[in-house]
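1. Have a look; sequence and predicted model below, questions after that.
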Amino acid sequence: MTNSILFIIAALSAFGPLAVDFYLPSFPAMATAFSTDVENIQHSLSSYFIGLAIGQIIYGSLSDRFGRRIPMLVGVGIFTLTSVACALATSLEWLIGLRFLQALGGCAGMVIGRAVTRDLCDPINSAKVFSQLMLIMGVAPMLAPLGGALLLESFGWESIFICLAIFSALCWVAVLVGLPETRDPNEPPAPLSGALKAYGTLLCDKAFMGYVFSGGMALAAKFAYISGSPFVFIQLFGLSPEQYGWLFGLNAIGFVVGAQLNARLLNYQSPDYWLIRVVWVFIFCTATPLVSVLLMPDNFWPILLSLTLALSALGLLTPNAMVGAMATHGRIAGSASALMGCLQFALAAFASALVATLHDGTAMPMLCVIFGCALLSLAATKATQRKATDRPS
């Protein structure tokens, strides 16, 4: 895989986190603009996750049938147009609906980017590429909240969505000019009529599903944090939107460091070896904030530092679970990537909505959901370790 293709895939994969992290500091301002509460603004986040889940199923089948480029161009085009529409939204209901449509477009890059990686790399190199992607993608959550806060203060929350439209338009040009078709021409196109059969095959693959839920519950914990952290740190602990942006940058640095450490560790042991060990670290790091908030309810530093370590663990956990799920499904790589993304973001949507539903004016709903997701990730990982030996090599 060339550096230019890697960069394009990273930019496309960043649509998901960028469209989420960029507008987080604007939650209180958007609540004021739409005459509602912050917890209702959180539903625009949940609708985005639902769109990501549903859209990935569509693009998976399309990319296996028509190749990688055309569905990618269509999806990025949809994202660009709906980003402009979000900036023009006149009510919260319109914004929630437009965020759903925006996600339907944005998920194309996420799904097809993983399929392109599977097309061009073997399993070990795929895991290393996924770790490299997380380094590049780490710039998005590192800078997005800070950039969003600066745009919010200077031009209002609408400018955030205008910037997303400009970024996605540039990505559309990059795909058109710089991304060749990577699907193996010697493999017959997977017919659309066989999409349900392909998804049925994947759903019956216990090892595949174990990897999906291992990474998916960890991802759900991350998005529970993303959903709840604006209230916890801006309103509960009194940080400014700009301070929150710097705080979120610290979280992103931890994630990037973990991903790069994973790339080095893969030189010594397999992804499965590190997966089960890292998930235990994840459990410890998500349990610590629950204890700290009970003992020191007015101090946000223990919460921040322990969750930063948890996100660092995610940088190791996520790529190893991802490559395990994708390893043995070459002909239907697009469908495998789509189903994995669909299920994982469905879990993320549920966790995000659960944080909003359980909102009680404290940090406990967010922290409890995060820890619960970590426990379920551990259970899935342990089940995967038992089932992986039954998979074909």
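-> Done, it's in.
2. Just the helices from the stretch 1-150 of the chain, written as ranges.
-> For the stretch 1-150 of the chain, the helices defined by DSSP state H, counting those that start in this stretch occupy 3-13, 15-21, 27-33, 38-66, 69-87, 92-120, 123-137, 139-155.
3. Need those in CSV (columns: mean pLDDT and distance to Thr384).
-> For every residue, glycine as well, the C-beta is placed using N, CA and C. Formatted as CSV, these follow (pLDDT from 0 to 100; distance: least, CB to CB, whole Å):
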stretch, mean pLDDT, distance to Thr384
helix 3-13, 79, 23
helix 15-21, 77, 24
helix 27-33, 87, 36
helix 38-66, 80, 21
helix 69-87, 91, 29
helix 92-120, 85, 18
helix 123-137, 66, 15
helix 139-155, 78, 27
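4. Quick one, which of the ones you listed gets closest to Leu275.
-> With respect to Leu275, and counting by CB to CB, the nearest of the helices of the stretch 1-150 of the chain is helix 123-137 at 10.3 Å.
5. ok so, going back, nearest to Phe282 among the helices of the stretch 1-150 of the chain would be which one?
-> Of all the helices of the stretch 1-150 of the chain, it is helix 123-137 that lies closest to Phe282, at 15.5 Å by CB to CB.
6. just for the stretch 151-300 of the chain, where's the confidence low?
-> For the stretch 151-300 of the chain, the stretches with pLDDT under 70 are 184-195.
7. show me where it has helices.
-> Along the stretch 151-300 of the chain, the segments classed as helices by DSSP H, counting those that start in this stretch run 158-178, 195-203, 206-229, 241-265, 271-295.
8. Minimum distance to Ala379: which of those has it?
-> helix 206-229 (8.3 Å).
9. on that earlier part again, indicate which one of the helices of the stretch 1-150 of the chain is closest to Gly210.
-> So among the helices of the stretch 1-150 of the chain, helix 123-137 is nearest, using CB to CB, at 16.2 Å.
10. Just give me how far stretch 102-116 sits from the chain centre.
-> 11 Å (CA atoms, centre = their mean, to the nearest Å).
11. Out of the helices of the stretch 151-300 of the chain, which one sits most buried?
-> Most buried of the helices of the stretch 151-300 of the chain, by mean neighbour count (mean count of other CB atoms under 10 Å): helix 206-229, with a mean of 26.
12. rewinding a little: which among the helices of the stretch 151-300 of the chain is found nearest to Ile54?
-> Of all the helices of the stretch 151-300 of the chain, helix 195-203 sits nearest to Ile54, with 13.1 Å by CB to CB.
13. quick one on the thing from earlier: which one of the helices of the stretch 151-300 of the chain lies nearest to Asp64?
-> Taking the helices of the stretch 151-300 of the chain one by one with CB to CB, helix 195-203 is closest: 7.5 Å.
14. could you dump the helices of the stretch 151-300 of the chain to TSV with distance to Gln56?
-> Below are the helices of the stretch 151-300 of the chain laid out as TSV (distance: least, CB to CB, whole Å):
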stretch	distance to Gln56
helix 158-178	17
helix 195-203	11
helix 206-229	12
helix 241-265	21
helix 271-295	22
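15. which one of those lies closest to Gln42?
-> helix 206-229 (5.5 Å).
16. quick one, the closest one and helix 271-295 angle?
-> Angle between the axes of helix 206-229 and helix 271-295 is 30 degrees (criterion: axes from the mean of the first three to the mean of the last three CA atoms, to 10 degrees).
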